[in-house]
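Colleague: Sequence and predicted structure are below.
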2 protein chains.
Amino acid sequence: MTLAAPLQAGDRRALAKAITLIESTRADHREQADALLTELMPATGGALRLGISGVPGVGKSTFIEAFGLFLLAHGHRVAVLTVDPSSTLSGGAILGDKTRMEKLSMDTRAFIRPSPSSGTLGGVAEKTREAMLLCEAAGYDVVIVETVGVGQSETAVAGMTDLYLLLQLPNAGDDLQAIKKGVMELADLVVINKADLDPAAAMRAQAQITSALRLLPTHAHASQRVLKVSALKGDGIAPVWDALTALRAEREAGGAWAHRRREQSLAWMWERIHAGLRQAFTAHPAVHAQLDTATAAVREGRMPASTAARHLLAAFESRSLE
Amino acid sequence: MTLAAPLQAGDRRALAKAITLIESTRADHREQADALLTELMPATGGALRLGISGVPGVGKSTFIEAFGLFLLAHGHRVAVLTVDPSSTLSGGAILGDKTRMEKLSMDTRAFIRPSPSSGTLGGVAEKTREAMLLCEAAGYDVVIVETVGVGQSETAVAGMTDLYLLLQLPNAGDDLQAIKKGVMELADLVVINKADLDPAAAMRAQAQITSALRLLPTHAHASQRVLKVSALKGDGIAPVWDALTALRAEREAGGAWAHRRREQSLAWMWERIHAGLRQAFTAHPAVHAQLDTATAAVREGRMPASTAARHLLAAFESRSLE
C-alpha cells in the first residue's frame, strides 16, 4: 500500500480510495486499513470536527453548502462526511450528496463523501470516524459530519465531533421535539435556518430555544448559543463561524477540547469492543442454540433474567473446553 | 434447599435467608440461588413494583413510612428494598433502614431490607431485582424499591419497577435539577413533600413542575401527575395511592403494563450478559496484558480506537487456540 504519501499530499483520488479500503469488509483489506490508519495517526487531529444535524426539510444541504463555501473563501479546506442510518436500509444514500451541494462539490478544496451504505449504525459510525481521520491526514482542517435527524445517529455524530451544531426551523414545536429526543442537550450551537421567511417566528423560536437551553446541563451562555441564519441568502453565516471559533478557543484554553477527544477515543474503543463481544457471543454455536429458548423463557416470566444471562454466559465461556 | 416452602408461607426469616443467599458471591450459593429463583418464578409478578427516589433531605423515609402504614391499613403487605450505590463504598448502608422507618419495620406485615453492601451499581441492582422476585413469592403485593437521588441509581430503579415516583422539595430549582439529570423524565408521579411548611411555595413548585413535565416525552396528563403531600402529618397520602392505582389500571388495560415488564426482563438479561462479557474480556490474560498499553496509545492519539478494539478482540478470541 502506498496510499499514505499521495493522500497526505492532498490527492483526492487517493483519499477516496483509502476510504473505500476502510469501508471494505474483506479481512485483508481490513488489515491494510488498520496499517494505513496507524501510519497516518501522527498526521491526524488537526481539524475542527463539526457535527451538524437537523430534521428533513430544515435545509441542511443548503446550509452546509453556504457554510462550506464561506470557509473555502477564508482559506480553509473542507471535508463533508455523512452518517445516514437510512442508507443501510436502502443500500445507498437517499440523496445524491454531490447534487445536493453542487458548488461545494465542484471545488477542488472540498471533499464530499456520502454515508457508508451498509452495516449497523455503530458500524457506519466507525467507518465515518475512520474516514474523518483520513480527511485530517489529507489536510482538511474543517471536517463536517452531517446526519439526518432520525434515530440515534445524532448521538453517534456528537460522540465523534468537537462541536455539534443543531439546525432548527423557525417554528414552535420543532424545538420541543429536539428537547424530547435529547438532541438539544448535545448541541453546542443551535442555528435557526430560513430566518428570512418569517422574521417574527424566527425571533420567537430564538427566545423559546434559549429558555429551553437554560433547562439543560449544557446551559452556559444559552443566549449566545442560538443564532439565526438564512442559508439560501447566505445571511448570518459568518457569526456561526465566529461562535464556533470562540467556543473552540474557550475550550482549548481550559483543556476541555483535548479532554473531550481523549474521552471520545476511549469511548469509541469500548463501544467497538462491546459490539465485537456481543457479535462473538450471539454467533457462538452454544449460545445461538439456547438464545431463543432463553429469551422466550425470560419474556414469559418462566426464568429470572439474571439466571438466563448466567446460563448463556456459561455456554459462551465453555467454548475453550470444546 | 427447603427455603421455598417457608418463604411462600410468609416466613420473614426464610425470606431474609433467601435474600442473603442471592447476595452471596460463592459459586455454590449462586447455583442454589438460581435454582430457588427458578422454582419460585411462577409465584412472582403479582406485586405492584414501585420505585421511589428523591434527593437527601426530601423526606424519603418519612414518606415511605407514612405511605407504607397507609397501605398496611388498607390490607396490603409491603416490602421495602433499597438501592444505595454509596453503600458499595462505605461497606454498608449509610442509614440504618430499620431506625429510619421505625413503625413500619416493627409491623409483621412489612418487610424492610437495606441495600446489598458490595458490588457495582449493576451488581447491586441485580441483587435488588432478585430480592424483589423473592418478596413477590413471599406474598408482598406492594414492593417499594427506594434509592437516593445520586448517580445512575434512579435509572436502574426505574428499569426494574412498574411505576416510578419522584419526591421533590417545594422550592424552585430543585425541579430543574431533576430535569437536568434526566430523572424527571422517568417519573410517573412527582410528589412534592413537606407541602405544609410553605403552601405557597408548594403551589408554585406544582405549577413549575407541571409545565416542566409538558416538555418531556412522558407528558401525558401532566397536571394529574404532580401531587402535594405532607408525609410528616400524613396529609395527601391517599391521593398518591389513588393516582398510582389509576395509572396501573390504565396501563394494564392498554397492555403497556405487561409490555414494560417483558422489556425490563429482556433488558436486564442483556445488561447482565454485557457485564459478564466485559468482565470475561478484561480478566482474560492476553487482554489484560495489552489493555493498558492499548488504552494509553488510544488516549494519546497514537492508535485509532477501532484498531485497538480489533487487536484486543483478536487477543480475546484467540484463547480457544491457546
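Modeller: Thanks, I have it. Numbers count the residues shown, from 1 in each chain, chains lettered A, B, ... in the order given.
Colleague: hey, where'd the strands end up in chain A?
Modeller: Secondary structure of chain A by DSSP state E: the strands cover A:48-54, A:78-83, A:110-113, A:142-148, A:163-168, A:189-192, A:226-228.
Colleague: Export the ones you listed as a markdown table, with columns for mean pLDDT.
Modeller: Compiled in a markdown table, the strands of chain A are given as follows (pLDDT from 0 to 100):
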| stretch | mean pLDDT |
| --- | --- |
| strand A:48-54 | 95 |
| strand A:78-83 | 92 |
| strand A:110-113 | 94 |
| strand A:142-148 | 93 |
| strand A:163-168 | 93 |
| strand A:189-192 | 93 |
| strand A:226-228 | 92 |
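Colleague: Pipe the ones you listed into a markdown table and attach distance to chain B and mean neighbour count per row.
Modeller: For the C-beta atoms, the positions are set from N, CA and C on the backbone; glycine is no exception. Listed next are the strands of chain A as a markdown table, based on distance: least, C-beta to the nearest C-beta, whole Å; neighbours: other C-beta atoms under 10 Å in any protein chain shown:
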| stretch | distance to chain B | mean neighbour count |
| --- | --- | --- |
| strand A:48-54 | 13 | 25 |
| strand A:78-83 | 15 | 26 |
| strand A:110-113 | 17 | 23 |
| strand A:142-148 | 15 | 26 |
| strand A:163-168 | 15 | 26 |
| strand A:189-192 | 16 | 25 |
| strand A:226-228 | 17 | 22 |
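Colleague: Which of the ones you listed sits closest to B:Phe111?
Modeller: Proximity to B:Phe111 (C-beta to C-beta) singles out strand A:163-168 among those, at 48.1 Å.
Colleague: how about the residues of the stretch 151-300 of chain A near chain B?
Modeller: When proximity is defined as C-beta under 8 Å from any C-beta of the partner chain, the stretch 151-300 of chain A approaches chain B at A:176, A:179-180, A:212, A:215-217, A:261-262, A:265-266, A:268-270, A:272-274, A:276-278, A:280-281, A:294-295, A:298-299.
Colleague: PyMOL command to pick out the buried ones of those residues?
Modeller: Of these, the buried ones go into a single PyMOL selection, burial set by 16 or more other C-beta atoms under 10 Å in any protein chain shown:
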select buried, chain A and resi 176+179+212+215+216+261+265+268+269+270+272+273+274+276+277+280+281+294+295+298+299
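Colleague: Let me have the strands of chain A in TSV, extended by distance to A:Phe316.
Modeller: Shown next, in TSV, are the strands of chain A (distance: least, C-beta to C-beta, whole Å):
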stretch	distance to A:Phe316
strand A:48-54	36
strand A:78-83	31
strand A:110-113	38
strand A:142-148	34
strand A:163-168	37
strand A:189-192	45
strand A:226-228	49
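Colleague: For A:Thr245, find the nearest of these.
Modeller: strand A:48-54 (8.5 Å).
Colleague: Can you check the pLDDT for A:Glu185?
Modeller: In this prediction, A:Glu185 carries a pLDDT score of 78.
Colleague: Please apply the same query to A:Gln32.
Modeller: Value for A:Gln32, per-residue pLDDT: 93.
Colleague: I'd like to know how many residues surround A:Met106.
Modeller: 10 (other C-beta atoms under 10 Å in any protein chain shown).
Colleague: Tell me how far it lies from A:Leu69.
Modeller: According to C-beta to C-beta, to the nearest Å, A:Met106 and A:Leu69 sit 11 Å apart.
Colleague: what's the answer for A:Arg251, then?
Modeller: Counting by C-beta to C-beta, the gap from A:Arg251 to A:Leu69 is 26 Å.
Colleague: now do A:Pro170
Modeller: Going from A:Pro170 to A:Leu69 by C-beta to C-beta gives 23 Å.
Colleague: what about the two, which has more around it?
Modeller: Higher neighbour count among A:Pro170 and A:Leu69: A:Pro170, with 23 against 18, using other C-beta under 10 Å.
Colleague: mind listing what that one touches?
Modeller: A:192-195, A:197-198, A:201-202, A:204-205, A:228 (C-beta atoms under 8 Å, 6 or more residues apart in numbering or on different chains).
Colleague: and if we set it to 10 Å?
Modeller: Contact analysis of A:Pro170 by C-beta atoms under 10 Å, 6 or more residues apart in numbering or on different chains lists A:192-206, A:209, A:228.
Colleague: Which members of these are classed as buried?
Modeller: So, by 16+ other C-beta under 10 Å, the buried ones in the contacts of A:Pro170 are A:192-196, A:201-202, A:205-206, A:209, A:228.
Colleague: Among those residues, which are located in helices?
Modeller: Applying DSSP state H to the buried ones among the contacts of A:Pro170, the entries found in helices are A:201-202, A:205-206, A:209.
Colleague: rewinding a little: name the nearest of the buried ones among the contacts of A:Pro170 relative to B:Leu247.
Modeller: Using C-beta to C-beta, these come closest to B:Leu247 at A:Ile209, 31.9 Å.
Colleague: Quick check, that closest one in contact with A:Met203.
Modeller: No - counting by C-beta atoms under 10 Å, A:Ile209 does not reach A:Met203; the two are 11.0 Å apart.
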